[in-house]
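Trainee: Following is a predicted model, sequence given first.
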Amino acid sequence: MLQRDRHIRTQVHQLGDAGLFALSFWLAFALRGNPAFVEWITVNLGGWFPFFRLDPIPVDAFDHIVWLYFALVPAAPLVLESQGFYNRPLTGSRLGMLWPLLKSSVIVTVGLVLLVFIYREAPNAPRGVMIIFGCISFGTVWLKEEVLRIMMRSRLAREQYKRRVVLAGTPGEIARLRQIIQTHAADTMAVAAEFDLVRAPVSQLVELLHEHSVSGVFVSAKHTQLDRVESVIQLCELEGVEAWLVADFFATQIAHASFDEMFGNPLLVFRSTPEASWQMLAKLALDFFGALALIVVTAIPMGLIALWIKLTSPGPAVFRQQRSGLNGAPFTIFKFRTMTTNAEQFKHELAAMNEMTGPVFKVTNDPRVTPAGKFLRKFSLDELPQLFNVLRGEMSLVGPRPLPVDEVKRFSDLAHRRRLSVKPGLTCLWQVSGRNEISDFKEWVRLDLEYIDNWSIWLDLLILLRTIPAVFSAAGAK
C-alpha cells in the first residue's frame, strides 16, 4: 500500500478507534450503574474475589467524570499508534493485532486511573469502572478488526478494493518488488502481470493493461535507461493508469527519499533530518511557551544568582560566547558566568589536561571555575539564561548541545557536522546519559545523531522528563 493510502487508512481507523474507546467508557459506566449487572458480578465473582463485591453508584457519577473524554479521545489512537497497532496488514496474524491492542488498552486504562487520582476524582469514579472499560475497549476494537478481516477476505472486497498492478523492470527488480508487496501489502494489492522493461516492447505493456484491468504500474528503473521509463509513463498517462516510479537510483545510507514540488516542478528530496510536520510545529510551540513559562518561574532565582555572581567575583554576571547553531550559523549564547573573567586567556595552558577526545575541551576541577560557578555547574543552573536563546528561536529545549565556533571548525569527520542539522538545545540524550562522564566525543556525537534519526515530539518530552532527575541528582556533573 502506498504511503498516501496508508496515511488515509490510518486516520480513518484512528477516528473509528477513538469513537470505540469513547463508547466503551460510557458503556462501562452504564453497566456499572445497572443493578442487575452489579448483582450478577457480586453473586458470581464476589465470593471468589472481594474486590467484585460492588455497591450501587450515584446516578450522576458519569457527569462528574465526563471531562476525562478530553484526554481519552485524542490519547487512545496515539497510544495504539505508539504500540504499532496500525503498522500491520489488515489480514495479518491475529497475534500481531491482539498483543499491541492489549498493551494499548492497559496503558489507556492505567492512564485514566492516574488522572482520576491526580485530580482527586476517586469518589466519582466507582470501583471497577476502569477495569470494565479496559475489557470493553479491548473487546470492541477486537470485534471491529475481526469484522474488517472477514470483509477484506470476502470475494467482493478482493474484486472492489484490491488493486491489480503490473511490475515493470529487470527480472531481479521485479522479484524484489513482488516480495515487498507480498510482505507488506498483500491485503490491498495483487500482482497481475510482469513486464521486462529492458527487452519487451511497449506494445506488450498495452496488452497487459487491457487484459488484466490494471490500476497501477510499478516501474523500477535502477539500471534502465530513462527513455524507456518515459515511454512507460507516457503510455500510463494516455491509458489513465497510475505509474509509480521506484526512486532508488542512488544508494543512500541515512537519507530518506520523498517527493515534493516547487512551483509545478517535481522534486525528489533526500533528507537525513526530521521533515516539516505537525510534530515540528508542536516542538516550536513547546519551545516558545515552555521557555516563556520557565523564565517567569525562574525569574527571581535568576536574579538572585546574578547578584551572587556579582558579589563573589568581579566581572559581568552573564557570560556571552559565539556558538554554532542550526547548520553551523553562529549565535551568541547566554550563560551565567562560572569562571574568572580571564578564563579564555588561560585555556591554552590547560590544553594538556583536556579529558575529552576530539575538538571539545573538558577539564575536571578546572582552576578557572569560581566557587559560585562550581555550585551552578553542578546543578546546571548556569544554563538558565539560555531560556532567552530558546525564546529568540536560536535554540530549542531539546537538541544537541551547542559547541563553540572554534571547536566546530576543528571537526575532523564531516559526518559530525550532521549534529548541526537541527537546532541546538538546552538538554539532549548526552545530557541525560551521563553528561560529563562521557569522555569520547564520538560517543557524544553518536547520541546526538541517534536523537536526530529517531526524533519525535514524544522523544523530546521523554528527554525533558529524564532531565529533571539528572539535574537534581547532579549525575555526571563537573
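Mentor: That came in fine, so what should we check first?
Trainee: Longest helix in the chain, please.
Mentor: Using DSSP state H, we find that the single longest helix of the chain is helix 278-312.
Trainee: And that one, what's buried?
Mentor: By 16 or more other C-beta atoms under 10 Å, the buried positions in helix 278-312 come out as 279, 283, 286, 287, 290, 291, 294, 295, 302, 305, 306, 309. (Each C-beta comes from the backbone N, C-alpha and C, glycine too.)
Trainee: ok, these vs residue 109, which is closest?
Mentor: Closest to residue 109 out of the buried residues of helix 278-312 is residue 279 (25.9 Å), distances taken as C-beta to C-beta.
Trainee: ok, and the closest non-adjacent residue to that closest one?
Mentor: residue 457 (4.5 Å; C-beta to C-beta, 6 or more residues apart in numbering).
Trainee: Report the contact partners of residue 304.
Mentor: By C-beta atoms under 8 Å, 6 or more residues apart in numbering, the contact list for residue 304 is empty.
Trainee: and residue 200, that's in a strand?
Mentor: No. Assessed with DSSP: H, G, I helix; E, B strand; the rest coil, residue 200 is coil; it does not lie in a strand.
Trainee: how about it, phi and psi?
Mentor: phi -80, psi 140 (degrees, to the nearest 10).
Trainee: swap in residue 164?
Mentor: phi -100, psi 130.
Trainee: And the strands in the stretch 301-450 of the chain, which stretches?
Mentor: 318-324, 330-336, 396-398, 425-427 (DSSP state E, counting those that start in this stretch).
Trainee: Show me what the first one is in contact with.
Mentor: Contacts with strand 318-324, where a contact means C-beta under 8 Å, 6+ apart, come from 306, 330-339, 385, 402-405, 408, 420, 424.
Trainee: Next, count neighbours for residue 381.
Mentor: 20 (other C-beta atoms under 10 Å).
Trainee: residue contacts, it?
Mentor: Applying C-beta under 8 Å, 6+ apart to residue 381 gives the contacts 301, 305, 336, 375.
Trainee: what about 7 Å?
Mentor: 305, 336 (C-beta atoms under 7 Å, 6 or more residues apart in numbering).
Trainee: quick one: it from residue 389, how far?
Mentor: Separation of residue 381 from residue 389 (C-beta to C-beta, to the nearest Å): 16 Å.
Trainee: hang on, residue 192 in a helix?
Mentor: No. With three-state DSSP as the criterion, residue 192 is assigned strand and is not in a helix.
Trainee: my guess is it contacts residue 214, does it?
Mentor: Yes. Applying C-beta atoms under 7 Å, one finds residue 192 in contact with residue 214, separated by 5.7 Å.
Trainee: which residues do those two both contact?
Mentor: In contact with both residue 192 and residue 214: 164, 165, 166, using C-beta under 7 Å, 6+ apart.
Trainee: Closest to residue 325 out of the residues you listed?
Mentor: Of these, the one sitting nearest to residue 325 (C-beta to C-beta) turns out to be residue 165, at 46.4 Å.
Trainee: Quick one: residues contacting the closest one.
Mentor: 189, 191, 192, 214, 215, 216, 217, 218.
Trainee: now swap in residue 469 and tell me
Mentor: Counted by C-beta under 7 Å, 6+ apart, residue 469 has zero contacts.
Trainee: three-state assignment of it?
Mentor: helix.
Trainee: cool, and residue 9?
Mentor: What three-state DSSP gives for residue 9 is helix.
Trainee: cool, residue 273 as well?
Mentor: Per three-state DSSP, residue 273 ends up coil.
Trainee: how about the nearest residue to it, chain neighbours excluded?
Mentor: residue 421 (4.4 Å).
Trainee: what's around the one you found, how many residues?
Mentor: 17.
Trainee: Now do the buried residues in stretch 203-215.
Mentor: 205, 208, 209, 214, 215.
Trainee: What of stretch 12-30?
Mentor: 13, 14, 17, 18, 20, 21, 22, 24, 25, 28, 29.
Trainee: now it, how far from the centre of its chain.
Mentor: 24 Å (C-alpha atoms, centre = their mean, to the nearest Å).
Trainee: which residues sit in contact with residue 180?
Mentor: So residue 180 contacts nothing (C-beta under 7 Å, 6+ apart).
Trainee: start at 37 instead
Mentor: Let's use 37 as the start, then, which means that last one is residue 216.
Trainee: in which helix or strand would I find it?
Mentor: helix 207-220 (DSSP states H and E).
Trainee: Quick check: the gap between the most centrally placed residue in the chain and residue 44.
Mentor: Central residue of the chain (C-alpha atoms, centre = their mean): residue 492, 2.6 Å from the mean position. Separation of residue 492 from residue 44 (C-beta to C-beta): 21 Å.
Trainee: circling back to that earlier point, make CSV out of the buried residues of helix 314-348 and add distance to residue 505 and pLDDT.
Mentor: Putting the buried residues of helix 314-348 into CSV (distance: C-beta to C-beta, whole Å; pLDDT from 0 to 100) gives the following:
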residue, distance to residue 505, pLDDT
315, 25, 84
319, 22, 92
322, 20, 93
323, 22, 95
326, 18, 94
327, 21, 95
330, 17, 94
331, 22, 95
338, 22, 94
341, 21, 94
342, 26, 93
345, 26, 93
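Trainee: what's the farthest-apart pair in those residues?
Mentor: 315 and 345 (38.2 Å).
Trainee: re the thing from before, residue 261: which of the buried residues of helix 314-348 is nearest?
Mentor: residue 315 (40.1 Å).
Trainee: any idea how far residue 352 is from the closest one?
Mentor: For residue 315, the distance to residue 352 - C-beta to C-beta - is 38 Å.
Trainee: And for residue 237?
Mentor: Taking C-beta to C-beta, one finds residue 237 at 79 Å from residue 352.
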